[in-house]
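Colleague: Pasting a predicted model and its sequence here:
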Amino acid sequence: MSAPSAQQRKACWDSRDRYWQCLDDSKDDKDKCQQIRKGFEDNCPQTWVKYFDKRRDYLKYKADLQSKGFEPAKNS
Amino acid sequence: MTDRYSDTGGGEDPGQKSLQSRTLGSGWCALQRGQKGKYIKHVAPARSLFTSPCLQKPQQSGSTKSAVTLRTRLLVSVAIGGAAVGTWYYLRREKEEKKKLDRIKQLQNMAVGQGDFNLLDHHGRPCSKKDFRGSWVLMYFGFTHCPDICPDELQKLCSAVSLLEKEPTVPSVLPVFVSVDPERDNVEALAKYVSEFHPRLKGLTGTPDQVKAVAQAYRVYYNAGPPDEDNDYIVDHTIIIYLVNPDGLFTDYYNRNKTDQEIAESVKKHMKTYKSIFS
């Protein structure tokens, strides 16, 4: 499997940004974004989809940390 | 002698008494010193202890003699003391110099990008560090299947190179991309990848051992993640752009927070202060 080209990368990032925007708008209601999620998965390699899913969690966590400060996990 | 003694002993004139006691004191002092053997020559005979010259000018004679000797003693003490301090200072400085040299040696042993590397460029030609000699190099480690960070960083690196290209007085900088995914990044994959970023971007790859060696030399960590069903995987790795000077020595590094303009400015600064150690 060859690496995505610059064009494919761009298509993937664009659909990722659309999906993330949808999640932001719908307050992370994944059901409302299913259609857009499909486009995201079609345009990106599977590993990238997994990677970007984790990355969004990480970026959100990071943003929370910066705006609200550290909050220990509830069960700890 | 007795007259004088009784006179003064009468205690009518306090000044006289004090002179007497001083005289006695100094005479006794001289005697004592004389007993030690050093100043015996200068001591007045015991008979004339309370008469001239000991009595009349005791202070003066005593002070001239001891002034000379005191000066000599002082000079000798200062000389010896000075020599001791000087020696101590010299030894301390020598120790500090040695410490400094040791530290430089230690740092040299740890220096980034030591030794040579043997890799293939994206045309399939062998490439080693000496091929970059004489040229400024901006170097980045990554892999072609990288989702976002590598393309971003590589874009930034190439943009910095393009910014520098616009200035005719600035020597050209060679952008270099080193793969940390030798299993997948062969010469063809690299050729396709680097052409998308900059016409002069040089892609480097090699056998897993060769890549491991170059990554270790540049203190780059990389670790392939678990493969999925398509045998696709993501390689976690150090995200740093290195600046290497025309002598092939690591000069500076730039992390993700640096912009292309900041990198270009920093490179220009290094170019101004650069002096080849080989010329």
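Modeller: Perfect, I can see it now. Here the structure is a predicted model, which is why all the values come from computation and not from measurement. Residues are numbered from 1 along each chain as shown, chains lettered A, B, ... in the order given.
Colleague: does stretch B:253-265 come close to chain A?
Modeller: No: where contact is defined by CB under 8 Å from any CB of the partner chain, no part of stretch B:253-265 touches chain A; the two come within 13.1 Å at best. For every residue, glycine as well, the C-beta is placed using N, CA and C.
Colleague: Chain B against chain A: which residues are in contact?
Modeller: When proximity is defined as CB under 8 Å from any CB, chain B approaches chain A at B:144-145, B:147-148, B:151, B:184-185, B:189, B:192-193, B:196, B:228-234.
Colleague: The lowest-mean-pLDDT helix or strand in chain A close to chain B?
Modeller: Comparing every helix and strand of chain A by mean pLDDT, DSSP states H and E singles out helix A:46-68 as the least confident one, with a mean of 90. Yes: contact between helix A:46-68 and chain B is present through A:Gln46, A:Thr47, A:Trp48, A:Lys50, A:Tyr51, A:Phe52, A:Arg55 (criterion: CB under 8 Å from any CB).
Colleague: Could I have the buried ones of those as ChimeraX selection syntax?
Modeller: For the buried members of the residues of helix A:46-68 next to chain B, the matching ChimeraX selection, counting by 16 or more other CB atoms under 10 Å in any protein chain shown, is:
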select /A:47,48,50,51,52,55
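Colleague: give me phi/psi at the residue sitting nearest the centre point of chain B?
Modeller: Nearest to the mean C-alpha position of chain B, by CA atoms, centre = their mean, lies B:Lys100 at 5.6 Å. Note on B:Lys100: its backbone torsions stand at phi -60, psi -50 [degrees, to the nearest 10].
Colleague: closest to A:Lys32 among the residues of helix A:46-68 next to chain B?
Modeller: Set against A:Lys32, the nearest of those by CB to CB is A:Phe52 (18.4 Å).
Colleague: Need the three-state assignment for the closest residue to that closest one other than its chain neighbours.
Modeller: Nearest residue to A:Phe52 in three dimensions, chain neighbours excluded: A:Arg16, at 5.3 Å (CB to CB, 6 or more residues apart in numbering or on different chains). Following DSSP: H, G, I helix; E, B strand; the rest coil, the label given to A:Arg16 is helix.
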